[in-house]
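Trainee: sequence and predicted model, in that order:
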Amino acid sequence: MTTPSAGHCIFCDIIQGGAEVSMCYEDSVALAFMDIQPVNAGHTLVVPRNHYESFLDLPHDVGMHLFEVAMEIAPVVRRVSGLEGTNLIISSGAEAGQDVYHFHIHLIPRRAGDGFDVPLPFAGSVMPERTQLDAMAARIIAQLRDPMRAKVVAV
């Protein structure tokens with residue numbers, strides 16, 4: 001477990017060869033390795049080689065590449081694990097449950113009754129009025145169209 005900007009990162013240790021890992025994919029931008037506390041056999045983590053704490057810090061091109069790697073690996077993990085379902089999970093920020101502050105994608109093969117659950121719709125949520133949904137959508141559209149908003153710049 002690391003904390004934001006703490007200076008030590010277990011995933012950086014792994015990338016630099018300073019920790020044991022069961023690697024299943026590597027390229028110049030990304031790597032994938034087996035999670036040491038898997039939900040099910042085949043639970044894989046896809047990480048960038050460079051350190052980015054969260055989804056918000058991740059350059060667009062790196063994020064797209066990580067998703068491409070996850071898409072390439074997912075059907076192989078499903079085949080090898082013998083499981084039919086898959087969750088891709090990204091937790092960005094402490095409030096979202098992130099506990100290692102090096103961006104990563106969990107690729108989790110699933111089977112019925114495995115006991116892991118990401119219940120959506122969330123039981124504690126209340127369905128808002130359509131006007132509230134429309135108002136939030138309009139605010140997002142306005143921000144996306146704002147010529148003064150910071151643009152994502154590919155590195």
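Mentor: Yep, it's here. This is a predicted model, so every value here is computed, not measured.

Trainee: so the residue in the chain sticking out farthest from the centre: helix, strand or coil?
Mentor: Ranking residues of the chain by C-alpha distance from their mean position (CA atoms, centre = their mean) puts Thr131 at the top, at 31.3 Å. Assigned state for Thr131: helix (three-state reduction, DSSP: H, G, I helix; E, B strand; the rest coil).

Trainee: so which residues of this structure form helices?
Mentor: Using DSSP state H, the helices of the chain run over 10-15, 60-81, 130-145.

Trainee: and the first one, C-alpha only, in PDB?
Mentor: Looking back up the chat, that one is helix 10-15. C-alpha atoms of helix 10-15 as PDB (Å, rounded to 0.1, in the frame of the first residue of the first chain):
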ATOM      1  CA  ILE A  10       5.600  -1.100  -4.900                       C
ATOM      2  CA  PHE A  11       4.700  -1.000  -8.600                       C
ATOM      3  CA  CYS A  12       7.800   1.100  -9.300                       C
ATOM      4  CA  ASP A  13       9.800  -1.400  -7.400                       C
ATOM      5  CA  ILE A  14       8.400  -4.200  -9.500                       C
ATOM      6  CA  ILE A  15       9.100  -2.200 -12.700                       C
END
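
Trainee: tell me which residues of that helix come out buried.
Mentor: 10-12, 14-15 (16 or more other CB atoms under 10 Å). (Each C-beta comes from the backbone N, C-alpha and C, glycine too.)
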